[in-house]
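# Please work out how this folds:
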Amino acid sequence: MRLKLARKEQVPPYIIFTDKALLEMVRTEPVNIEEFARVEGVGERKTVRYWKPFVTAIRRHKGITEPLGSGLSHEETLLLLNSGYDIPAIAAAKNIKTSTVYNHIASLISSDRLTDFSAVITRDQYLRVMQTATAHPETLYERLTPEIPDGIIRIALAIPDHPLRNKPNQKKNIWTTNDTNEMKWELLGSEYLFRRPWLTVRRDTVRLPNGTIHPEYYVLEYPAWVNVIAITTDGDFVMVRQYRHGLGITATELCAGVVEPGEDPLEGAKRELLEETGYSGGTWELNSVISANPGSQNNLCYSYIARGVTLTSKQNLDSTEDIRVHLLSPREVYDMLLADNLKQALMAAPLWKYFALNPPQ
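Model (predicted):
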């Protein structure tokens, strides 16, 4: 077999396999691709290239008459992935369609045989599919293709914890879950150092899981915050401009504010929009819940999308507020993000998510 392949490829026989590798095949008698790949001296690339003729000969010698199973093509794909091949290269090497390779990879992920899928799908692609599947499951493919290939969507849907993959006892996906708290610190003591309406400083003493005690860990306490991506019936974004003393700049931002004690974040967002801009109404949905700094702050920011708002009243500002309202097109807001002209991270992040799901025209 080795000599036949060497003549066909016009190379010395040892280029196909060394004598040592052949002796190891005789000793182990591999009868499938998995066993062949484990033979010392074979390697992943030569496994993909030569396994079928050698395994077929060994099976014939051992009297095994059952045909090689179709699932072996999945194993070939896995071996090529592990060897550094990308999807087009795998398709070319196996003389199959790229759509078939995508199906193999999705199957390997679903069966937990492929757990590191970073080489075939990016985190951004995964999150885009996840967000669209959650918001628009019935039109998922129509909304994402051709921007994201069908095969990548199938791979994303096969990843554990995807909203459209609902299987019992599935493994958690570390990209998307925060519900495990095995690394939580133990609170040993706490005291307040400073309390003012807009700043509360707390000093904690904590024990880490490895037993280390941190005697001075400082936490800044704030109430919940809200901001609103408000879009008028004409499709314009309701933005505000105001001076920000910390950076010493006049900034264009989303409408935002503080949730009052006992107030629901959604009601707080509606109140802030009406007070700061005079706009109200429309349909509202939660866009994201994020933190400015989970390492040192205890509050969350709730970001909403309000579609179809209209101007219904004048501004109702506090004496310390100087806010001017501007209407910007989606393209203008998107260009602000690209130019790094929106400095407030708690507003930039929800806007990036919005435009990821609703690209500007």
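# residues in contact with D204?
The contact partners of D204, taken as CB atoms under 8 Å, 6 or more residues apart in numbering, are L187, L188, G189, S190, Y217, Y218, V219. Bear in mind the C-beta positions are built from the backbone N, C-alpha and C, glycine included.
# Rebuild those as a markdown table, extending it with neighbour count.
Output for the contacts of D204, formatted as a markdown table (neighbours: other CB atoms under 10 Å):
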| residue | neighbour count |
| --- | --- |
| L187 | 11 |
| L188 | 12 |
| G189 | 9 |
| S190 | 12 |
| Y217 | 15 |
| Y218 | 10 |
| V219 | 15 |
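# what's the spacing between Q242 and L273?
Counting by CB to CB, to the nearest Å, the separation of Q242 from L273 is 15 Å.
# which SS state does the nearest residue to A256 once chain neighbours are set aside fall under?
Distance criterion CB to CB, 6 or more residues apart in numbering; nearest residue to A256, sequence neighbours excluded, is N227 at 3.8 Å. Per DSSP: H, G, I helix; E, B strand; the rest coil, the local secondary structure of N227 is strand.
# okay, now N227: neighbour count?
Neighbour count of N227, defined by other CB atoms under 10 Å: 25.
# quick one, strands of the stretch 101-250 of the chain?
In the stretch 101-250 of the chain, the strands defined using DSSP state E, counting those that start in this stretch lie at 186-196, 199-207, 213-221, 225-232, 237-244, 249-258.
# Name the next helix or strand downstream of the longest helix along the chain, please.
If you go by DSSP state H, the chain has its longest helix at helix 44-62. Sequence order places helix 72-82 as the next helix or strand after helix 44-62, per DSSP states H and E.
# With adjacent residues omitted, what lies nearest to T145?
The shortest distance from T145 to any residue other than its chain neighbours is 7.4 Å, reached at I153 (CB to CB, 6+ apart).
# Please list all residues in contact with that neighbour.
I153 neighbours (CB under 8 Å, 6+ apart): V129, L140, Y141, L144, T145.
# Could you tell me how far it is located from A133?
9 Å.
# Now list whatever residues contact both of these two.
Joint contacts of I153 and A133 (CB under 8 Å, 6+ apart) are L140.
# This protein: helices as residue ranges?
Secondary structure of the chain (DSSP H): helices located at 2-9, 13-16, 19-28, 33-37, 44-62, 72-82, 87-94, 98-110, 123-135, 140-144, 150-158, 265-277, 330-338, 345-357.
# now for the ones you listed, which one comes closest to Q297?
Evaluated over these, closeness to Q297 peaks at helix 345-357, with 10.9 Å, by CB to CB.
# could you give me the average pLDDT of the closest one?
Throughout helix 345-357, pLDDT has a mean value of 94.
# quick thing: my sequence starts at 356, can you match it?
Yep, numbering from 356; the last one is helix 700-712 now.
# Low-confidence stretches in this structure?
Along the chain, segments meeting pLDDT under 70 span 399-400, 403, 422-428, 448-449, 516-536.
# what about E631, neighbour count?
Using other CB under 10 Å, E631 has 24 other residues around it.
# Excluding sequence neighbours, find me the nearest residue to it.
E631's closest residue in space is C610 (CB to CB, 6+ apart), at 4.9 Å.
# who does the one you found bridge with?
V583 (DSSP bridges).
# biggest separation within the contacts of D559, which pair?
L543 and Y573 (14.9 Å).
# how close does L434 sit to I678?
61 Å.
# Same drill for the two, tell me which one is more crowded.
Using other CB under 10 Å, the more surrounded residue of L434 and I678 is L434, with 21 against 16.
# ok, that one to I464 distance?
16 Å.
# ok, E364 - contacts?
I370, I371.
# neighbours of the closest residue to F710 other than its chain neighbours, just the number please.
Leaving out its chain neighbours, the residue that sits closest to F710 by CB to CB, 6+ apart is Y689, at 5.6 Å. Neighbourhood size, Y689 [other CB under 10 Å]: 20.
# cool, and G612?
Neighbourhood size, G612 [other CB under 10 Å]: 17.
# Kindly report the same for the one 4 residues further on.
Using other CB under 10 Å, P616 has 7 other residues around it.
# was I right about it contacting P578?
Yes - in terms of CB atoms under 8 Å, P616 counts as a neighbour of P578; the distance is 7.3 Å.
# May I ask you to confirm that H429 is in contact with S465?
No - the criterion here is CB under 8 Å, and H429 misses it with S465 at 10.8 Å.
# Can you work out which residues contact both of the two?
Counting by CB under 8 Å, 6+ apart, H429 and S465 have no common neighbour.
# mind listing what K708 touches?
K708 makes contact with Q486, N642, S643, according to CB under 8 Å, 6+ apart.
# of the residues you listed, buried ones?
Q486, N642, S643 (16 or more other CB atoms under 10 Å).
# Now render those residues as JSON lines, adding distance to A661.
Formatted as JSON lines, the buried ones among the contacts of K708 follow (distance: CB to CB, whole Å):
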{"residue": "Q486", "distance to A661": "18"}
{"residue": "N642", "distance to A661": "10"}
{"residue": "S643", "distance to A661": "14"}
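# from those residues, which single one is nearest V556?
Checking the buried ones among the contacts of K708 against V556 with CB to CB, the nearest one is S643 at 27.2 Å.
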